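S.K.: sharing a model prediction with you, sequence too.
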Amino acid sequence: MSDQVRTVKDIPGVEWVPGTGDFIRVEPERCTGCGDCARVCFGECYEIRQGVAQVRSLDRCMECGYCWYICPSDAIEFSLPRGGTGYRTNWG
């Protein structure tokens, strides 16, 4: 494992590679604050602040797109990170 690869103890078998940039953002004017994104996010990347979903951090993002898919108000902008994915997993 190189110095640039990062792991998280409570998510075994996954390594994150830095440099993918911002690839998820919430459009606050469309967000209803339902919290669906926060509930489905395995990486705990979202929080609801002042009635609107906000990206807390993408450090643990699995780039699955569930947040984008489940958002009923189409408030999440998601695109695959530059250069492919920013994480690697032992499970394919």
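M.R.: Looks like it came in fine. Keep in mind the model is a prediction, meaning the values are calculated, not measured. Numbers count the residues shown, from 1 in each chain.

S.K.: contacts, neighbours, all on C-alpha from now
M.R.: Will do.

S.K.: surely G51 meets R30?
M.R.: No. Counting by C-alpha atoms under 8 Å, G51 does not reach R30; the two are 11.6 Å apart.

S.K.: for stretch 39-47, what is the average pLDDT?
M.R.: The predicted model gives stretch 39-47 an average pLDDT of 93.

S.K.: give me the pLDDT for the residue most central in space within the chain.
M.R.: Central residue of the chain (C-alpha atoms, centre = their mean): C61, 3.6 Å from the mean position. At C61, the model reports a pLDDT of 84.

S.K.: where does pLDDT dip in this structure?
M.R.: For the chain, the stretches flagged by pLDDT under 70 are 1-7, 16-21, 81-92.

S.K.: now with 80, please.
M.R.: In the predicted model, the chain carries pLDDT under 80 at residues 1-23, 59, 80-92.

S.K.: residue boundaries of the helices in it?
M.R.: 36-40, 66-70 (DSSP state H).
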